[in-house]
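J.: dropping a prediction and its sequence here:
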Amino acid sequence: MGKTLKTLLTTLLVVALLYSVASAYAGIDDYPRMDEMHSVICSPEAVAVSKALACEIDTAYDVRAPANVKTLKDAGWYCSAVLGFGFHYIGINCRNYAPVSAGASYDYNGRRPGDSLFPLNVSQFRFALHLIVAPHKERITKEVFDWTSVAIHTCPTPAAGSAWIAPITFPPDPVGEAYRLLRDAGFKNDTGIWVHDGTYGPAGEIRSQADLFKGAFYKKIRVLTCPEAALSTSLVSKKYMELWNAFFGKNSDGELYFHQDDLPWATAMVPIFSWDHDPDIWGAGWVVGRDPDYLHSFFHPDNDIPKGYNHPGINHPTLNTFLEQLKYTKRADGTVITAITELQSICKEAQSWIFMLAPYIVNRAAVTPNLFGVHKGVTGFFEPLGYTASTGWTYDFIYKPGTNLIKMCNPGTIGTLNPLVAGSVYEWNILNRVYDSLIAIDPYTKDDKMWAAGKYEMKEWKDATINAHGLNLTFWIRPGIKWHDGQDYNASSAKWSLDFLAATKPPRYIDAWQFYVRSEVLAPLTVRVYINITGFWYQYDIAFAAMFCHKPIWEKWWGNFTEAQKWEPWKVKYDDWTGQTGHGDLKCIVGTGPWVFVEYDEVALTGRLMANRPFKIGGSPVWEYTGRYWASSFFREDLNFDGTVNILDMSLAALAFGATPGHARWLDGQCDVDTNRVVNIVDLAKIALKWGRITLPKIA
């Protein structure tokens, strides 16, 4: 008998013996677990630390300063620190000439459209810059960030999993290789001054521009930094610059080749690199998600437009092909790619080219510290790699025994809670609790999980009459889903939401409406959506957008984004707006999700939400809410999130038995049901207690 099977059978026998003991650990079955949640604004970081020490919050998200983390840990707070999907980089302007937008928003360097960008336009020169700093990346990351970041070389980050990450290696002697690359590309410094033979740019001494009559300023390659907004990133840029200056020495005027410019973020740095695409070199970062199609946005020439995301202006035919295949999931011959393994291979090829062409020198990924008041009984939070512990699963599973209220730190300010325009993570820390999606993401495996839809089907679709070649997506919606106003959510609701977004065109949701053609209601709980694009990444935008806009709230704004964006629905009572009665103080932030929006207190800077189940709150009139979340029976014991607690869940837990954080079988804590950071007999017993339970409504 195999070792795994023996372990499983032994475990089941032990579970049977301890079944009665396990009842004491049954936990809270409601989903979400707490009755009330406060999203408490804690900005800047010092406020979060102060409120945490005063026990005014139960979580302290995004506390990054090592000294602050230590202060809270010393006070009894538990620190969860996981590698995220965000990355920081040094960007390099790859264009041959300054773009048409040069100097349009901020006249940074006197450049005008058409001015030469030599030598940064030479890929060997850019890669040499990477090689020069490569031996020092880990040291610099440690010096600047201590343990809160790790050095990386590619994007996506390692949090995405090895299946998506290209195996990048540096040559044994990176600096020696930099010299070889430069000489092969026509650069040399036989006299101590770097010159070029004219192969890729003007012959003679290398400068940042071909026009040699604009003064000494233009003999320097300028490194743009912003200590005001990103002190640590600016320090990395400066340390890299010092290494480049040590390598290249001085120009004929006796000045170093690379020069640092510290400028304000909002009024200077963003206009220069993000809007005008007009720096030489700059340091910045991105917060990205699970799906790597964002590489197309960052490095494809289609996005090299004023305010487009391709800030470096990279444009290479081979890389472009890989990026197009990745984004649109379509081969060069027009056939659609459906195998995830093929896309992973394409993604790795694209990364290899990005690494060599060096539009970005990817330098680090943040290890985001989030702190929890475990000394006050807080438990149930998630710690999966790639998602910080503030993942939506944490909001719904976190609890604090002995109270019905959890106070969650929200580490930034709120500008608007109008979901058509809200853009910051801090605003969506509140709004994401209210809304649901047809598809969810398993926080441990990063796989798709069917959520409000029990299944979906994706097929290639062509229609010559409208020149369409895309996909049709059919979703089978789970029964029993209701909006917070009590109305049923069904296929007609999904169609109306998508039609509304297509008619109103809010820029934030462009991926949901730009290629949307139409929807069809095939049955009360079955909807088919047609999109004129083959990239299956768009299905996730559709899956959320289909559960977003509720007709009684949004129909007045049909096709009128100009006015809709000015609206403040979080301040407007549902009954006042719709002319209905019986909804008390329910506001016009209405979704189908696990939390019901109550209010945002602009004095206390706190968002207040109630769990989507019957509750009563005081006031005039008294608000009695009688709804219940459609997934209220979703249990933590359903380890693989497939809708049933069964042998698959027990097998996972048996395989992880005895694992603790850092162990090869820990699986990011997937099997740690009671979140005590060890997979033990209690976890197995809890699964046994829920054996056979249906956790998500089955489709017909």
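T.: Arrived safely.
J.: which SS state does Thr141 fall under?
T.: On the three-state scheme (DSSP: H, G, I helix; E, B strand; the rest coil), Thr141 is labelled helix.
J.: helices or strands up against the longest strand seen in the chain?
T.: Longest strand in the chain by number of residues (criterion: DSSP state E): strand 360-372. With contacts defined as 3 or more CB pairs under 8 Å, 6 or more residues apart in numbering; DSSP states H and E, strand 360-372 has these neighbours: strand 59-61, helix 66-74, strand 78-83, strand 87-92, helix 123-133, helix 137-145, strand 149-151, helix 227-248. C-beta: built from backbone N, CA, C; applies to glycine.
J.: what residue of this structure is the furthest out?
T.: Residue farthest from the centre of the chain, counting by CA atoms, centre = their mean, is Thr191 at 49.0 Å.
J.: confirm that residue sits in a strand?
T.: No. With three-state DSSP as the criterion, Thr191 is located in coil rather than a strand.
J.: report the rounded mean pLDDT for the longest strand of the chain.
T.: Predicted confidence along strand 360-372 averages 92 (mean pLDDT).
J.: the nearest residue to Gly392 once chain neighbours are set aside and Gly386, how far apart?
T.: Nearest in space to Gly392, with sequence neighbours left out and distances taken as CB to CB, 6 or more residues apart in numbering, is Asn432 at 5.9 Å. According to CB to CB, to the nearest Å, Asn432 stands 17 Å off from Gly386.
J.: compare the two (neighbour count), which wins?
T.: For Asn432 versus Gly386, the count of surrounding residues by other CB atoms under 10 Å is larger for Gly386: 22 against 19.
J.: for Leu53, what are its contacts?
T.: Applying CB atoms under 8 Å, 6 or more residues apart in numbering to Leu53 gives the contacts 71-72, 75.
J.: same thing but 10 Å
T.: 60, 71-72, 75, 77 (CB atoms under 10 Å, 6 or more residues apart in numbering).
J.: just to revisit the earlier point, so what are the sheet partners of the longest strand of the chain and their directions?
T.: Sheet pairing of strand 360-372 (DSSP bridges) gives strand 59-61 (antiparallel), strand 78-83 (antiparallel), strand 87-92 (antiparallel), strand 149-151 (antiparallel).
J.: still on that earlier bit, most packed of the helices and strands packed on strand 360-372?
T.: strand 59-61 (a mean of 26; mean count of other CB atoms under 10 Å).
J.: sorry, back to before: the residue farthest from the centre of the chain: what's it in contact with?
T.: Contacts here follow CB under 10 Å, 6+ apart; on that basis Thr191 touches Ser252.
J.: SS state for Asp541?
T.: What three-state DSSP gives for Asp541 is helix.
J.: where does the prediction get shaky in the chain?
T.: Counting by pLDDT under 70, the low-confidence segments of the chain come to 1-28, 207-219, 228-231, 620-621.
J.: break the protein down into its structural domains.
T.: Under automatic domain parsing, the residue ranges defining each domain of the chain are 1-27+633-700, 87-365, 433-600.
J.: Phe382 should be in a strand, yeah?
T.: No. The assignment for Phe382, made by three-state DSSP, is coil rather than a strand.
J.: thought Gln670 was touching it, still the case?
T.: Yes. Under the criterion of CB atoms under 10 Å, Phe382 makes contact with Gln670 at 9.3 Å.
J.: more neighbours, the two?
T.: When neighbours are counted by other CB under 10 Å, Phe382 comes out ahead of the other of Phe382 and Gln670, with 26 against 22.
J.: so who does the more buried one touch?
T.: The neighbourhood of Phe382, defined by CB under 10 Å, 6+ apart, consists of 80, 82, 388-398, 443-444, 636, 668-670, 672, 675.
J.: list only those of those residues flagged as buried.
T.: 80, 82, 388-398, 443-444, 636, 668-670, 672, 675 (16 or more other CB atoms under 10 Å).
J.: on that earlier part again, which single one of the contacts of Leu53 is nearest to Ala491?
T.: Distance to Ala491, by CB to CB, is smallest for Ala60 among these, at 42.2 Å.
J.: what's the distance between that closest one and Asn467?
T.: Ala60 sits 53 Å away from Asn467, taking CB to CB as the criterion.
J.: can you count the residues close to the nearest residue to Ala545 once chain neighbours are set aside?
T.: Nearest non-adjacent residue to Ala545, counting by CB to CB, 6+ apart: Ala512, 3.7 Å away. By the other CB under 10 Å criterion, the neighbourhood of Ala512 contains 25 residues.
J.: can you list the buried residues in the helix or strand hosting Ala512?
T.: Using DSSP states H and E, Ala512 falls within helix 510-513. Within helix 510-513, the residues that qualify as buried are 511-513, counting by 16+ other CB under 10 Å.
J.: mind putting those residues into JSON lines with distance to Gly373?
T.: Conversion of the buried residues of helix 510-513 to JSON lines gives the following (distance: CB to CB, whole Å):
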{"residue": "Asp511", "distance to Gly373": "38"}
{"residue": "Ala512", "distance to Gly373": "38"}
{"residue": "Trp513", "distance to Gly373": "42"}
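J.: closest to Trp282 out of those?
T.: Distances from the buried residues of helix 510-513 to Trp282 were compared by CB to CB; the smallest belongs to Asp511, at 26.7 Å.
J.: relative to Tyr294, how far out is that closest one?
T.: Using CB to CB, one obtains 11 Å as the distance from Asp511 to Tyr294.
J.: go on, Phe258?
T.: Taking CB to CB, one finds Phe258 at 29 Å from Tyr294.
J.: next, the buried residues of stretch 520-538.
T.: Applying 16+ other CB under 10 Å to stretch 520-538 flags 521, 525-538 as buried.
J.: ok, of these, which one's closest to Val362?
T.: Trp537 (21.4 Å).
J.: now Trp353, nearest residue through space, not along the chain?
T.: Leu319 (4.2 Å).
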